[in-house]
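K.L.:
need the 3D shape of this:
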Amino acid sequence: MTVYFIGAGPGAADLITVRGQRLLSEARVCLYAGSLVPAEMLAVCPPGCRLVDTANMDLDAIIGEMVAAHANGHDVARLHSGDPSVFSAVAEQIRRLDAAEIPYAIVPGVPAFAAAAASLGREFTVPEVAQTVILTRTAERATAMPAGEDLATLGASRSTMVLHLAVQRIDAVVAELVGNYGSDCPVAVVARASRADELIVRGTLDDIAGRVRAAGIKRTAVIVVGAALTAAQFPDSHLYSVSRSRETPPPGRRPWRPS
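P.N.:
Residues are numbered from 1 along each chain as shown. Model (predicted):
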């Protein structure tokens, strides 16, 4: 058997990869966080699939379900919101599976920051404005941040910054970022990105905290900070420039085209 860590996407039931949906439709056991994974996504699970909501389970109990499935020869679909590569708590699960010699594989998903960018209709990397995206969080009511990863230090580059799990302390976030970005820096907060009840609040570091409070946003949101959010005057990308060299494929070698 194999434990498949599947990125369930940011919330919309149809924002899951074809591979992830196929594995979900074949799994005999499905572990999911009921507070984050849409119930509609579970509809593709096969009849008789054991559905386990992990929202109120600790790590030992979750691994126990995987070990039991392994003993019975059943594949496990472990659904994680967004993409498993960031803020998913996959690392500690993998460590335990390695110790138990249980095989696993990771299937990527649509991350929350990508869904937020789509909802905002913006690219987070804009030529000569921002070419770096920082994904981070804050430490309140969570594990401590490593040395040097405080917001003031990370913000020194003025790159586009996306903060997860931080909207509940929006005032502190503003206080730590305003010194580098300036009070007029554009900010967007996207709550429940891609879902039917999605909510977007736009502002600047000067007024975003008040706007977020007025909107009643307290969880399941990302904060996006940076000039790329409103950039309008910037050069075209070199990718499609007329001055860019475009080599002709060697004789006998046809250019790749999607099938």
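
K.L.:
please enumerate the strands of the chain.
P.N.:
3-7, 29-32, 50-53, 76-80, 104-107, 133-137, 160-164, 186-191, 199-204, 221-225 (DSSP state E).

K.L.:
now those in TSV, with distance to Ala39 and mean pLDDT?
P.N.:
For every residue, glycine as well, the C-beta is placed using N, CA and C. Below are these laid out as TSV (distance: least, Cβ to Cβ, whole Å; pLDDT from 0 to 100):
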stretch	distance to Ala39	mean pLDDT
strand 3-7	16	98
strand 29-32	9	98
strand 50-53	10	97
strand 76-80	11	97
strand 104-107	20	98
strand 133-137	27	96
strand 160-164	23	97
strand 186-191	19	98
strand 199-204	20	98
strand 221-225	21	97
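
K.L.:
let me have the ones you listed in JSON lines, adding mean neighbour count and distance to Ala215 as columns.
P.N.:
Formatted as JSON lines, those follow (neighbours: other Cβ atoms under 10 Å; distance: least, Cβ to Cβ, whole Å):
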{"stretch": "strand 3-7", "mean neighbour count": "25", "distance to Ala215": "27"}
{"stretch": "strand 29-32", "mean neighbour count": "24", "distance to Ala215": "28"}
{"stretch": "strand 50-53", "mean neighbour count": "16", "distance to Ala215": "28"}
{"stretch": "strand 76-80", "mean neighbour count": "27", "distance to Ala215": "27"}
{"stretch": "strand 104-107", "mean neighbour count": "18", "distance to Ala215": "34"}
{"stretch": "strand 133-137", "mean neighbour count": "17", "distance to Ala215": "21"}
{"stretch": "strand 160-164", "mean neighbour count": "24", "distance to Ala215": "17"}
{"stretch": "strand 186-191", "mean neighbour count": "24", "distance to Ala215": "8"}
{"stretch": "strand 199-204", "mean neighbour count": "18", "distance to Ala215": "5"}
{"stretch": "strand 221-225", "mean neighbour count": "26", "distance to Ala215": "10"}
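
K.L.:
nearest to Ala144, of those strands?
P.N.:
Counting by Cβ to Cβ, Ala144 lies closest to strand 133-137 out of the strands of the chain; the figure is 11.2 Å.

K.L.:
against which helices or strands is the closest one packed?
P.N.:
helix 151-154, strand 160-164 (3 or more Cβ pairs under 8 Å, 6 or more residues apart in numbering; DSSP states H and E).

K.L.:
Gly48 is nearest to which of these?
P.N.:
Comparison of the helices and strands packed on strand 133-137 against Gly48 by Cβ to Cβ identifies strand 160-164 as nearest, at 35.5 Å.

K.L.:
which of the strands of the chain sits closest to Pro146?
P.N.:
strand 133-137 (10.7 Å).

K.L.:
and the nearest residue to Gly11 once chain neighbours are set aside, how many neighbours?
P.N.:
Counting by Cβ to Cβ, 6 or more residues apart in numbering, Gly11 lies nearest to Arg195, which is 4.1 Å off, once chain neighbours are set aside. Using other Cβ atoms under 10 Å, Arg195 is surrounded by 17 other residues.

K.L.:
do you know the pLDDT at Arg195?
P.N.:
You'll see Arg195 listed with a pLDDT of 94.

K.L.:
do the same with Ser243
P.N.:
Value listed for Ser243 in the pLDDT field: 68.

K.L.:
per the record, what domains does this structure have?
P.N.:
What automatic domain parsing lists as the domains of the chain is 3-107, 112-229.

K.L.:
and those as JSON lines, adding distance to Leu239?
P.N.:
Output for the domains of the chain, formatted as JSON lines (distance: least, Cβ to Cβ, whole Å):
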{"stretch": "domain 3-107", "distance to Leu239": "25"}
{"stretch": "domain 112-229", "distance to Leu239": "9"}
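
K.L.:
for the residue nearest the centre of the chain, give me its contacts.
P.N.:
For the chain, the residue sitting closest to the mean C-alpha position, by Cα atoms, centre = their mean, is Pro111 at 2.8 Å. Under the criterion of Cβ atoms under 8 Å, 6 or more residues apart in numbering, the neighbours of Pro111 are 7, 10, 82-83, 85-86.

K.L.:
done for today, thanks.
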